[in-house]
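K.L.:
need coordinates for the below:
(2 chains)
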Amino acid sequence: MNEQAPLSREERVKNLKGIGSERKRVEDARFTQGKGNYVDDINLPGMLFGDFVRSPYGHARIKSIDKEAALAVPGVVAVLTAEDLKPLSLHYMPTLAGDVQAVLADEKVLFQNQEVAFVVAENRYIAADAVDLVEVDYEELPALTDAFKALDEDAPLLREDIKDKMEGAHGPRKHHNHIFLWEEGDKAETEKALSEAEVVAEELITYQRVHPCPLETCGIVASMDKVNGKLTLWGTFQAPHAVRTVASLITNIAEHNIRVISPDIGGGFGNKVGVYPGYICAAVASIVTGVPVKWVEDRMENLTSTAFARDYHMTGKIAATKDGKITGLWCHVLADHGAFDACADPTKFPAGFFHIVTGSYDIPVAYVGVDGVYTNKAPGGVAYRCSFRVTEAAYLIERMIEILAQKLDMDPVELRMKNFIRKEQFPYQSALGWEYDSGDYHTAMEKGMAAVEYDALRKEQAENRAAFDRGETRTLMGVGTAFFTEIVGAGPVKNCDILGLGMFDSCEIRIHPTGSAIARLGTISQGQGHATTFAQILATEIGIPAEDITLEEGDTDTAPYGLGTYGSRSTPVAGAATAMAGRKIRAKAQMIAAYLLEVHEGDLEWDVDRFQIKGNPEAHKTMKEIAFASYNQAIPGLEPGLEAVSYYDPPNMTYPFGAYFCVVDVDVDTGVVDVRRFYALDDCGTRINPMIIEGQVHGGLTEALAIAMGQDISYDEMGNVQGGSLMDFFLPTAVETPVWETDFTTTPSPHHPIGAKGVGESPNVGGVPAFSNAVHDAFAHKGLTHTQMPHDHWRVWQTAQKLGLTG
Amino acid sequence: MSKMHVKMTINGKEVEALAEPRTLLIHFLREDQSLTGPHIGCDTGHCGACTVDMDGKSVKSCMTFVGQANGKDVTTIEGIGNPDGTLHALQEAFREHHGLQCGFCTPGMITRAHRLLQENPSPTEEEIRYGISGNLCRCTGYQNIVKSIMVAADMLNAQEAAE
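P.N.:
Residues are numbered from 1 along each chain as shown, chains lettered A, B, ... in the order given. The predicted structure is shown next:
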């Protein structure tokens, strides 16, 4: 018999493809061959198609709806309106923010493209024909699209349904268009710091309305099986378990009779967190007809009706000493929430985690107040590739730092270094109530400065400015820096819930007799590669190669309950649950190994993929042997089998951070901004799969580029939405997208089982201020303090013109 | 609505069918032919998720009526793989170099890259960026897509040199 030489320890570690391995993705074989299974790929026998009649007006009263002509079209099965849903009490649905949203417009429409009627037909072409034939008679009303006018005394009343309800979900409402005032910090002390300060910088900084715009739009297939009474929903859900609970509560179908499945999802970025009227209408239509009903929105519907992001008008005041020590930060936000408050935030945080706004700096006192208002715009307010309102906060503080530096005539990097929270201050209590778990900001910044040769860039810029003034060049060089601290991984159940559901997450593991395994999680990947990376966490924890571990998510009938994937919470929360479940497996495996080796458990030690007797590594049992033993040995005091489940309630959030540098050349005559160089250093704690981290950073930076340089969903005075198709809404192609340089430092989270912090959203949070700061920096020496995003060619050219720089 | 008779070659197979003249090629492929590889991402011809190959040209099948494909030779992502069932060099390179994340743009992207490498077997990075500018990706920032296509070009050129 040929005995193979035993593998070295190094080889055994390598074979696991565990934490730190650049494991290739298991998802890719099917995606590269066109064998993904997205919601619109589902085709069930007899399936009907739904399509919406939508409002052409921003604000109007519905006088009548005539369905007759539509119903006469052969192949049309039904036309639903609010009147049809009222008997079921489904004409309104609860939002994630404690408000209600019209499923189908009830007497009034409140934003352009609002859902008015739902046509159900044999195919999508017939449905579209019938949509054109539904006649709706409107009486147009004055539209309110300027958030600054929402609280005027004579502002139009938008929400007649709640006009007498002056106590909202987040406290008293002071006006019929007011939603909430949310405050944090010490207002009096902050105002005192401002009044006593040697220097104060103040600015109104708007983060414009944008949209996550994943390449796949939102959709659902609802199938009511009238024989067994079960409702199955396949859909683009970033939180399938929460959808099941919500569906049960609003339809009164028992939760065990609802199965929610998130198939492959073509990108989410926050767009697919909410519950939309299309989901409710498709479900109702299937319940009524008893056949499956599909609804998939088109791109214009996506951009104009499901889940906008940002739309924050932020006033910042920052106080400092003459030599640049920050002494206080005050901010007020006018938050435009559109017609219904459908923000996706944990219940107790109507402005999300905006109070991370003190950023990476040791600021002794701070105050933030956020007023949410209704306008005639689409509802939403989701976290577009960021944790809840964190990117708005990062944009505000990182712009304010630059504006303060300008006022102090100080280099903005020097100002940052002077005010950073120091390494020895962690865990750090911020003035606005957070406990930052870990960080090493100076090291990250210094590494970044060395990599980009910061001082040389400033020298080159000085030469460029002199050459510009001599008339030798028509481009201005800008150097943008951003240093961000994120707050992700929501979150501790004691203060984080959505609709009363605690924001824990979960993992369940079964080890098979031959030593392979299946793990199921409460999260759902939308491109992040969970099936690859969570198997890596487990491989390291339980010593079974990642290739031998199947990972499943997204089916509520099989996966344990979890709150889903958004806000960079999968690795901090479900990743922790995975490690903890793995440790339970290992604990039982140790008992089995002790029985097999006839020693006491305490005599064993874990080594990569086995338990061995301390001091005698030859005497060992591998996980593969232990797995088989758990199924074939009667071990006294132990149940057969090897399974574990863990529900992980995180003790704190995690706080990833990073230093970003952007170098641009601005052509003052055309307004074209050329991104010459972009360097991103991220610290996301322990790195599970460097290849995937790098990919996440590339993608997030490209989305940040899109936001800073072109995305804008605005409304005219009549309430007409602009930027509602890819004709107008900027998505960068490969040509506009620069080459990204990535780098890292590693500061593990002290409270996370494997020290990981989450990374998918950092590049969006840090990227937007880095681009914006670079554009501003190009003009800073000419007196520019701030201009509103996006920095598209037209706006940049206008800036140059106003400064008298154009030819 | 009356239907028209269409006949075309899809991924090497003769297909005959009756379809409404207004049927878009993407719906014909996805819903009548069960070829769900090409996707619908924008309805306006910008995103390229629906890209297929028609008589040697990349076309956006959401901008094409089924009748326009009559008598044509159509290739979708399902027809890109090697005849022996192994992955095409492009598919292999995308997997190896993390050229995809959510996978929704991938079929159109690979189908476009497949044609691009026939138009220009040794493209520069800049030529690749221009060559795929009709295909949008929201996840990858293109960097690894460009890299994957460059690697695939090298693999294909090496294969050809060996033959």
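K.L.:
give me the nearest residue to the residue in chain B positioned nearest to chain A, chain neighbours excluded.
P.N.:
The nearest approach of chain B to chain A comes at B:G37, 2.2 Å away (CB to the nearest CB). Just so you know, the C-beta spots here come from the backbone N, C-alpha and C atoms, and that holds for glycine as well. Spatial nearest neighbour of B:G37, excluding adjacent residues (CB to CB, 6 or more residues apart in numbering or on different chains): A:G34 at 2.2 Å.
K.L.:
mind listing what the residue of chain B closest to chain A touches?
P.N.:
The contact partners of B:G37, taken as CB atoms under 8 Å, 6 or more residues apart in numbering or on different chains, are A:Q33, A:G34, A:K35, B:T76, B:I77, B:E78, B:P107.
K.L.:
and of those, the nearest to A:G767?
P.N.:
B:P107 (27.9 Å; CB to CB).
K.L.:
A:P690 contacts A:R23, doesn't it?
P.N.:
No - the pair A:P690 / A:R23 is not scored as a contact, 10.0 Å apart, by CB atoms under 8 Å.
K.L.:
the more surrounded of those two?
P.N.:
A:R23 (22 against 14; other CB atoms under 10 Å in any protein chain shown).
K.L.:
next up, the contacts around the residue of the stretch 1-150 of chain A found nearest chain B.
P.N.:
Closest contact between the stretch 1-150 of chain A and chain B, by CB to the nearest CB, is at A:G34 (2.2 Å). If a contact means CB under 8 Å, 6+ apart, then A:G34 has B:L35, B:T36, B:G37, B:P38, B:T76, B:I77, B:E78, B:T106, B:P107 as its contacts.
K.L.:
how does the chain divide into domains?
P.N.:
No chain specified, so I'll use chain A. According to automatic domain parsing, chain A comprises the domains A:9-36+A:505-648, A:39-141+A:217-265+A:273-305, A:308-490+A:653-802.
K.L.:
to clarify, I was referring to chain B.
P.N.:
B:4-79, B:89-158.
K.L.:
all helices of chain B, in order?
P.N.:
B:25-27, B:89-96, B:106-119, B:125-131, B:143-162 (DSSP state H).
K.L.:
chain center to the shortest one, what's the gap?
P.N.:
To tie it back to what came earlier, the one meant is helix B:25-27. On the basis of CA atoms, centre = their mean, to the nearest Å, helix B:25-27 is displaced by 13 Å from the centre of the chain it belongs to.
K.L.:
what is that helix packed up against?
P.N.:
Of the remaining helices and strands, none touches helix B:25-27 by 3 or more CB pairs under 8 Å, 6 or more residues apart in numbering or on different chains; DSSP states H and E.
K.L.:
which parts of it are buried?
P.N.:
B:L25, B:I26, B:H27 (16 or more other CB atoms under 10 Å in any protein chain shown).
K.L.:
will you turn these into TSV that also has distance to A:G290 and pLDDT?
P.N.:
Converted to TSV, the buried residues of helix B:25-27 look like this (distance: CB to CB, whole Å; pLDDT from 0 to 100):
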residue	distance to A:G290	pLDDT
B:L25	33	98
B:I26	30	98
B:H27	25	98
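K.L.:
tell me the mean pLDDT for stretch A:330-344?
P.N.:
For stretch A:330-344, mean pLDDT rounds to 97.
K.L.:
and the residue of chain B closest to chain A, how far from B:C50?
P.N.:
10 Å (CB to CB, to the nearest Å).
K.L.:
just the terminal-to-terminal distance for stretch A:554-569.
P.N.:
Distance across stretch A:554-569, first residue to last, is 15 Å (CA to CA, to the nearest Å).
K.L.:
anything in that stretch near chain B?
P.N.:
No - counting by CB under 8 Å from any CB of the partner chain, chain B has no neighbours in stretch A:554-569; the shortest distance is 11.9 Å.
K.L.:
how far does the helix or strand of chain A with the lowest mean pLDDT sit from its chain's centre?
P.N.:
Least confident helix or strand of chain A, by mean pLDDT, DSSP states H and E, is strand A:497-498 with a mean of 90. When distances are taken as CA atoms, centre = their mean, strand A:497-498 is centred 15 Å away from the chain's centroid.
K.L.:
what strands flank the helix or strand following that strand, and is each parallel or antiparallel?
P.N.:
Next in sequence after strand A:497-498, counting helices and strands by DSSP states H and E, comes strand A:501-502. In the sheet, strand A:501-502 lines up against strand A:497-498 (antiparallel) (DSSP bridges).
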